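With the sequence up front, the predicted model follows.
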Amino acid sequence: MEWETVIGLEVHAQLQTKSKAFSGAATKYGAEPNTQACAVDIALPGVLPVFNKEAARMAVKFGLAIGAAINHRSVFARKNYFYPDLPKGYQISQYELPIVAKGQITIDLDGVEKTIGITRAHLEEDAGKSLHEDFHGMTGIDLNRAGTPLLEIVSEPDMRSAKEAVAYLKKIHELVRYLEICDGNMQEGSFRCDANVSVRPKGEKKFGTRAELKNINSFRFVEKAIEFEVERQIDLIEGGGKVAQETRLYDSDQDVTRSMRSKEEAMDYRYFPDPDLPPLVITEDFIRGVEKTLPELPDAKRARFMKDYGLTAYDAGVLTASRELADYYEQLVRASGSDPKIAANWVTGELAAFLNRDNKDISASPVTVSMMTGLLKRLADNTISGKIAKEVFEAMWNGEGDADAVIAKKGLKQITDTGAIEKVIEEIVAKNPKQLEQYRAGKETLFGYFVGQVMKATQGKANPAQVNELLKKKLSA
């Protein structure tokens, strides 16, 4: 039997507010445990929540970016469950009336575009964090994260493969970072994902029983977890069993999913409107004000890069993967006056390779736009060759100064004096009579040998184009 996979994702984006959703406590990551949890966060008797307006602004910003309807009136509800890291015994969330209604985004997978529906995006508070590693036989609780505002983005079950799910997740990740509403740091838990996975026979309209894969924190693990879960469900059904509706955890060490608990239905959480919080009312003026702050969005930027700079879809995609990288590239093109394709090659090539090697973000690059501009200018005026430019780049990356300083210090200036190059060629040809004879007898591959010898003799400093031109004349004489 042929099977079809059905996937929906619930993405939790931690909003970049300075204070929490319903209190004035700080949200900064990395503080000592339980030093950023105030009386409201730990639910002391008599405390009252006060909603953070900035969280609403960020939610509206996201809604506008995905073409969604913004509900002018939304309601906070209490989602009741008991867990050690949830001090109130309930989580403030939104249920029947979320702030953001239906929207959509388009993903591109191997050149094929597909639209994925977004059911809703609602505001809620985060829970604390349970710590298991350092407490032998016990669990530690850190409530610093309790009350941090989250935007939960719920997709329609429109994805049909793990690769589609990853493409969707990357698109959401890219978007929240462009909008500057979430830093997207998956390692720190500020961007995480639950995947609802089910299978059904091909052609069947009814959905199969789904399992929820909880809190997956990397793109690679999302793909691997879904792939394993799909195989598990198919094997289970084909073996005569039934898929249980449950929550499962992905074990990345064993590459398996493990049962965590039975999957609750909405009624199990006993949702009801929070009596301490009035309905959230969003005016049209507020929405229009947020709309004016929207940046150029990734898809529009990609299209513009292709149109204005003549870039391929691939190059434009790499350069606009983050707002910071796109800004770096555009500043470089303007400052250096370089051919946009040459500038793109350096940013997506050498710069990207060093960033990946040292696990750095573009904002932490030791080679600034100004330094890269200087390098491209020295390349354009033939002060250095392309090969030497890579040596100069590495020196700049290692903190040895800008391009001019490195070139002067290391004596890397390109030899463009025709007479000097001709003299070296004369010496090389004189030392290699046998190779000269073979070349003139028709063994044209030896031309590369002579070029290599000249470049070696000049320590790579001779202008390659001049070497080729002068060698051709000498060897054919």
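Received it, and whenever you're ready, just let me know what you need.

Just list the residues touching I407, thanks.
R378, T383, I384, V392, K413 (Cβ atoms under 8 Å, 6 or more residues apart in numbering). Where you see a C-beta, it was placed from the backbone N, CA and C, and this is true even at glycine.

contact partners of whichever helix in the chain runs longest?
For the chain, the longest helix by residue count, based on DSSP state H, is helix 219-238. Helix 219-238 has contacts (Cβ under 8 Å, 6+ apart) with 1, 3, 5, 7, 162-163, 165-166, 169-170, 186, 193, 195, 197-199, 208, 211, 213, 216, 242-243, 248, 250, 252, 255-257.

got it, and stretch 372-386?
332, 335-338, 342-343, 346-347, 351, 389, 392-393, 396, 402-404, 407, 412-414, 416, 460-461, 463-464.

List the buried residues in the longest helix of the chain.
By 16 or more other Cβ atoms under 10 Å, the buried positions in helix 219-238 come out as 219, 221-230, 232-233, 237.

Of those residues, just say which sits nearest to E469.
Using Cβ to Cβ, F219 comes nearest to E469 of the buried residues of helix 219-238, at 48.8 Å.

And the contacts of I407, which of them are buried?
Using 16+ other Cβ under 10 Å, the buried members of these are R378, T383, I384, V392.

ok, the last one to A321 distance?
Right, the one you point to is V392. 26 Å (Cβ to Cβ, to the nearest Å).

C193 sits in which helix or strand?
Using DSSP states H and E, C193 maps to strand 191-201.

Within its sheet, name the partner strands of that strand and how each one runs.
strand 3-14 (antiparallel), strand 211-216 (antiparallel) (DSSP bridges).

Measure how it sits relative to helix 219-238, angle-wise.
30 degrees (axes from the mean of the first three to the mean of the last three Cα atoms, to 10 degrees).

what residue ranges in the stretch 51-200 of the chain score low on pLDDT?
Scanning the stretch 51-200 of the chain for pLDDT under 70 picks out nothing.

just the stretch 251-400 of the chain next, same as before
263-266.

all strands of it, in order?
256-262, 272-273, 280-281 (DSSP state E, counting those that start in this stretch).

Could you find the closest non-adjacent residue to F393?
E350 (5.3 Å; Cβ to Cβ, 6 or more residues apart in numbering).

on that earlier part again, please identify which pair of the contacts of I407 lies farthest apart.
It's V392 and K413 that sit farthest apart of the contacts of I407, by Cβ to Cβ, at 10.7 Å.

Now do Q104 against A69, distance only.
12 Å.

Of the two, which one has the most company?
Per other Cβ atoms under 10 Å, whichever of Q104 and A69 has more neighbours is Q104, with 14 against 10.

Was I right to think that one contacts I66?
Yes - with contact defined as Cβ atoms under 8 Å, Q104 reaches I66; the gap is 6.3 Å.

Correct me if wrong: P464 contacts M455.
Yes - P464 lies in contact with M455 (Cβ under 8 Å); the separation is 7.3 Å.

in a strand, that's where R120 is, yeah?
Yes - under DSSP: H, G, I helix; E, B strand; the rest coil, R120 falls within a strand.

For A167, see how far away it is.
R120 is 21 Å from A167, by Cβ to Cβ.

Tell me the buried residues in stretch 30-41?
Result for stretch 30-41 [16+ other Cβ under 10 Å]: buried residues Q36, A37, C38, V40, D41.

hang on, I meant stretch 198-206
Buried-residue list, stretch 198-206, by 16+ other Cβ under 10 Å: S198, V199, R200.

what's the closest of the strands of the stretch 251-400 of the chain to T17?
Of all the strands of the stretch 251-400 of the chain, strand 280-281 sits nearest to T17, with 15.1 Å by Cβ to Cβ.

Walk me through which strands that closest one pairs with, and which way each runs.
strand 73-74 (antiparallel).

Name the next helix or strand downstream of the strand it pairs with, please.
Strand 73-74 is succeeded, C-terminally, by strand 76-80 (DSSP H and E).

name the helices or strands packed onto that next one?
strand 90-94, strand 272-273 (3 or more Cβ pairs under 8 Å, 6 or more residues apart in numbering; DSSP states H and E).
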